[in-house]
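A.B. asks: Any chance you could fold what I've pasted below:
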Amino acid sequence: MHTIGQLLESCSINEKNLLLQYISIKNSPSSKKYRLLKLMIKNPELKDPEFASIIYDSSEHSAYSQLKKRLTEELISHISLIKKSSFQKENCKRMQVIELLQKGQHFLHLDLQKEGVKYLKKALELAGRQGYTDLVLCIHETARTAGVAEPLNYDELFRLKNALCKQLELTLNNSKVEPEQNKANLISLKKSVLQTESNNEVLNLLEKSEMYLEQNSLKKASIAIQDAESILYSYPSIHQPEIVWRLNLTQQSVLLKYGAYEELINNCQKTLQIKGIPDHVKVEVYKNEWFAAFYLGYNELAKKILLKLAQYRTQLNQNIWHYYESYLLFQEGKFQESLHLNHDCQRLLKSNTDYFLGSKLFEMMILIERNEWDWLEFKLENFRKTLYATKSKTKNRIQSFFHCLQHLQKLTDSSRSMELKKFRHYQLLTSENESFSWQPGTFELIPYHQWIEKLLKVN
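C.D. replies: Okay, here's the model as predicted:
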């Protein structure tokens with residue numbers, strides 16, 4: 001079907017009459033352009049030679065093709081006005097994506113990467129949802145050029161691939177390729193589309209799970225992971241390794257929060273067997289395995305993991321790992337070595353408020369274990385000044401533990417256990433209140449309230 005025929009096919013009777021009215025503004029009713037459009041509306045079944053013979057008295061008239069071309073151009077310029085109501089919403093969505101993209105480009109140009117990424121993500125989400133594959137590619141290219149493509153393109157490129165595969169499948173269906181070859185191509189494409197769709201579903205569920213984890217909704221996070229796992233392993237022949245390790249990483253976060261440490265170790269060891277796993281993922285998996293080993297008291301395993309992690313120095317924050325290692329020495333009763341290692345990394349942790357303050361509190365824990373209460377008084381006063389300077393950025397558990405240490409320092413040996421149970425900040429540490437609940441895998445490797453209970457044998 002020619003272009004004019006396609007345009008008219010998409011129009012209602014009223015819209016066709018409106019097109020005639022628009023054409024008549026620049027062309028008189030006796031003009032060839034107006035007459036041709038009127039003929040095409042009234043007699044859509046006629047062919048081009050028949051239209052040409054009516055307009056020019058000759059079916060081979062060379063001017064007919066030019067007339068038809070000019071009419072097509074004018075109809076295209078008017079069709080958006082005729083179909084304004086149906087195009088308006090679509091155009092509005094496209095304009096929203098373009099506007100978000102332009103804002104992102106502007107911020108990236110000013111080296112404001114955080115703001116730029118925020119707008120590119122919004123643009124990418126809307127473009128992916130609406131199926132604007134051209135804009136998705138444009139956003140991806142903008143992100144790639146700016147050096148921020150990695151956090152943006154993963155999920156949306158799957159959606160883009162999905163859309164392109166489906167379009168290619170339609171093209172192949174209409175092609176003149178040999179039946180057997182066409183069938184093989186279609187099978188390959190269907191497999192690709194199925195893989196993309198299942199991967200996309202899995203990724204969406206993992207995003208939900210991560211969101212639930214941030215909200216501390218472990219039950220909802222677990223359900224989302226189970227659904228993702230069910231989808232992924234329904235198609236074992238087509239799932240991709242990166243989807244598997246991403247699923248495993250999310251599972252590990254849930255297992256860590258649940259305290260299922262044995263299961264966490266098994267999951268980590270299984271994940272490390274996946275071929276082609278990137279180094280930054282290996283480091284994340286080793287970190288989760290190390291936490292599990294530490295909490296289970298598997299000190300030898302924890303030391304072996306530290307040796308493996310030494311291979312990935314470029315991927316590691318060495319200071320934080322020295323901090324973790326000082327806790328491991330503390331757990332083994334090697335207080336002097338723990339204190340030295342903690343001192344070595346403390347100054348270099350200043351850029352990370354939680355770990356910096358955590359290392360100072362940990363130093364006081366070591367002093368108490370060594371019964372050095374005189375030193376403790378000096379350290380508490382210094383910490384009070386530091387805490388005052390960083391109070392707006394300080395976690396509730398840090399503040400409450402500091403108050404507990406102050407309280408302990410004032411009490412006599414015989415009264416510490418009894419008085420502590422009544423102390424408000426100790427009660428907050430032991431509560432399940434969201435802002436005071438202990439989170440594994442953070443700066444507070446040993447829960448402060450458990451350490452106090454063990455120290456004083458609080459019942």
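
A.B. asks: mind listing the helices for the stretch 251-400 of the chain?
C.D. replies: 261-271, 279-296, 299-309, 318-331, 335-346, 353-369, 373-390, 396-410 (DSSP state H, counting those that start in this stretch).

A.B. asks: can I get these in TSV with mean neighbour count and distance to residue 71?
C.D. replies: Using the backbone N, CA and C atoms, a C-beta is placed for each residue, glycine as well. Converted to TSV, those look like this (neighbours: other C-beta atoms under 10 Å; distance: least, C-beta to C-beta, whole Å):
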stretch	mean neighbour count	distance to residue 71
helix 261-271	18	64
helix 279-296	20	60
helix 299-309	16	72
helix 318-331	20	71
helix 335-346	17	78
helix 353-369	20	70
helix 373-390	13	73
helix 396-410	19	73
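
A.B. asks: Out of those, flag the one nearest residue 146.
C.D. replies: The closest of the helices of the stretch 251-400 of the chain to residue 146 is helix 279-296. By C-beta to C-beta, the value is 20.1 Å.

A.B. asks: Quick one: classify residue 55 as helix, strand or coil.
C.D. replies: Here residue 55 is helix, with the state taken from DSSP: H, G, I helix; E, B strand; the rest coil.

A.B. asks: these two touch, right, it and residue 32?
C.D. replies: Yes. Counting by C-beta atoms under 8 Å, residue 32 is a contact partner of residue 55 at 5.5 Å.

A.B. asks: More neighbours: which of the two?
C.D. replies: residue 55 (18 against 15; other C-beta atoms under 10 Å).

A.B. asks: Residue 49 versus the more buried one, what's the distance?
C.D. replies: 11 Å (C-beta to C-beta, to the nearest Å).

A.B. asks: if we can go back for a sec, of the helices of the stretch 251-400 of the chain, which approaches residue 216 most closely?
C.D. replies: Per C-beta to C-beta, nearest to residue 216 of the helices of the stretch 251-400 of the chain: helix 396-410, 14.0 Å.

A.B. asks: any idea of the angle the closest one forms with helix 373-390?
C.D. replies: 150 degrees (axes from the mean of the first three to the mean of the last three C-alpha atoms, to 10 degrees).

A.B. asks: on contacts alone, who are the packing partners of helix 396-410?
C.D. replies: helix 353-369, helix 373-390, helix 416-422, helix 424-430, helix 448-456 (3 or more C-beta pairs under 8 Å, 6 or more residues apart in numbering; DSSP states H and E).

A.B. asks: one more time with 7 Å
C.D. replies: helix 353-369, helix 373-390, helix 424-430, helix 448-456 (3 or more C-beta pairs under 7 Å, 6 or more residues apart in numbering; DSSP states H and E).

A.B. asks: ok so, going back, who wins for proximity to residue 63 among the helices of the stretch 251-400 of the chain?
C.D. replies: Going by C-beta to C-beta, the one of the helices of the stretch 251-400 of the chain nearest residue 63 is helix 279-296, 67.0 Å.

A.B. asks: neighbours around residue 253, how many?
C.D. replies: 20.

A.B. asks: I meant to write residue 226 there.
C.D. replies: Neighbours of residue 226 (other C-beta under 10 Å): 13.

A.B. asks: what do you get for the one 4 residues further on?
C.D. replies: Other residues near residue 230 number 11, with proximity taken as other C-beta under 10 Å.
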